[in-house]
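Colleague: this one's sequence-less:
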């Protein structure tokens, strides 16, 4: 009954609708900006080639995926006039002497950007071929002469005294999975800390609470409210999952989406999110929900809830930025120590798991510590709630905590 009432009240509220839509609107805005920038950058510049060298004109014409050539403009004056009218992005002057190619590219500050290294590479190839012919080299000899050295890279680790190789792509996917989880937990804390605190603090020290506690215990009431809010959070997650499943078939073929997902195995990304990373995500949410309930249990006035959960927000910020630091430097001592502190474990440990800088035993220990710490803090929140649920006071949290302990001691003496 309590779970249902809390759940329905929050899901039907305008604040829940805002909370669900805000990230979606933000993503749409960011996606729109990225798409606009991508389309702007992908505009193919139009240039003119000013040269009497037919070989140069023929070779440059084969690279029209990088730029388009206006073949009607053949003089510098015509090119500059077209640029003045913003009908041309630039022009390339090419001359050759003694098999050496000299070129100059001219554009304006408002022109679509052209990668001049492409032009340089094409002109260099022409020059090399001409010099090779002058020296009597065959095409195969020329190809072998200019082919770059083959350099491969491999990152290795030592496990049980034996060398093991690492897949950099797989590691990157794991890192980004950890990053997603860190952001998700942080957003949850920002959105739900005050909601949980408000639910726990509401009706405390009132006649309504006396009536409620005459039919249900304070323990049932406490966990009913906490469970109701966690179900609201679960509902929000399910809504996002459904929206992603609906939207993906429509957006997966968009060019900038394909560029963003290039080299990313979505199956492997999801498997990492469902694995150990999901455990840290769930434990992180439950832990911070318990912490929010703890701070909420010390408040007797709803208007003081935001002030009460401020320390929780600061803890989450430290953990989040600690996760960002772990993303860049997972081997640092401060990262290793911080990954075992329950407040920061869900933010930092996924990065250590992704970078394979923690053993299986270390992962197990961190999970056990988080579970134990979460249970203890939730029980502490319950104890505080039970001891002051009928107490109304304007005192601060520290005084409320002392009062709660005094009441608890007196009850035990009885």
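Modeller: Okay, I see it. Everything numeric in this text was worked out from a predicted model, so none of it was measured.

Colleague: ok, and what's touching stretch 86-100?
Modeller: 45-51, 53, 56, 60, 67, 70, 73, 76, 79-80, 82-83, 101-108, 110-112, 114, 119, 123, 127, 130-131, 134 (C-beta atoms under 8 Å, 6 or more residues apart in numbering). C-beta: built from backbone N, CA, C; applies to glycine.

Colleague: how long is it end to end?
Modeller: 32 Å (C-alpha to C-alpha, to the nearest Å).

Colleague: Let's test this: mean pLDDT of it, rounded?
Modeller: Averaged over stretch 86-100, pLDDT sits at 83.

Colleague: And for stretch 193-200?
Modeller: Mean predicted confidence for stretch 193-200 is 82.

Colleague: same question, stretch 309-327
Modeller: 87.

Colleague: Please apply the same query to stretch 380-391.
Modeller: 75.

Colleague: show me where the stretch 151-300 of the chain has helices.
Modeller: 168-201, 207-213, 218-251, 255-261, 266-274, 276-297 (DSSP state H, counting those that start in this stretch).

Colleague: likewise the stretch 1-150 of the chain?
Modeller: Remark: helices assigned in the stretch 1-150 of the chain by DSSP H, counting those that start in this stretch are 2-11, 14-41, 54-61, 76-84, 116-134, 139-146.

Colleague: Quick one, which of those gets closest to residue 359.
Modeller: Proximity to residue 359 (C-beta to C-beta) singles out helix 14-41 among the helices of the stretch 1-150 of the chain, at 35.4 Å.

Colleague: Tell me the helices and strands packed up against the closest one.
Modeller: Judged by 3 or more C-beta pairs under 8 Å, 6 or more residues apart in numbering; DSSP states H and E, the packing partners of helix 14-41 are helix 168-201, helix 218-251, helix 255-261.

Colleague: what angle sits between that helix and helix 218-251?
Modeller: 30 degrees (axes from the mean of the first three to the mean of the last three C-alpha atoms, to 10 degrees).

Colleague: so helix 14-41 versus helix 168-201, what angle?
Modeller: Using the same axes, to 10 degrees: helix 14-41 against helix 168-201 is 150 degrees.

Colleague: looking at the helices and strands packed on helix 14-41, which is closest to residue 321?
Modeller: Nearest to residue 321, of the helices and strands packed on helix 14-41 and by C-beta to C-beta, is helix 168-201 at 9.7 Å.

Colleague: How confident was the prediction at residue 358?
Modeller: 84.

Colleague: Mind putting the helices of the stretch 1-150 of the chain into a markdown table with mean neighbour count and distance to residue 179?
Modeller: Formatted as a markdown table, the helices of the stretch 1-150 of the chain follow (neighbours: other C-beta atoms under 10 Å; distance: least, C-beta to C-beta, whole Å):
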| stretch | mean neighbour count | distance to residue 179 |
| --- | --- | --- |
| helix 2-11 | 16 | 28 |
| helix 14-41 | 12 | 16 |
| helix 54-61 | 14 | 43 |
| helix 76-84 | 15 | 44 |
| helix 116-134 | 15 | 32 |
| helix 139-146 | 12 | 41 |
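
Colleague: I'd like the ones you listed written out as JSON lines, with distance to residue 276 added.
Modeller: Listed next are those as JSON lines, based on distance: least, C-beta to C-beta, whole Å:
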{"stretch": "helix 2-11", "distance to residue 276": "29"}
{"stretch": "helix 14-41", "distance to residue 276": "25"}
{"stretch": "helix 54-61", "distance to residue 276": "53"}
{"stretch": "helix 76-84", "distance to residue 276": "58"}
{"stretch": "helix 116-134", "distance to residue 276": "43"}
{"stretch": "helix 139-146", "distance to residue 276": "48"}
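
Colleague: Figure out which of those helices is closest to residue 251.
Modeller: helix 14-41 (8.6 Å).

Colleague: which secondary element of the chain has the worst mean pLDDT?
Modeller: strand 162-166 (a mean of 57; mean pLDDT, DSSP states H and E).

Colleague: distance of residue 85 from residue 114?
Modeller: 19 Å (C-beta to C-beta, to the nearest Å).

Colleague: Likewise for residue 319?
Modeller: Relative to residue 114, and taking C-beta to C-beta, residue 319 is found at 45 Å.
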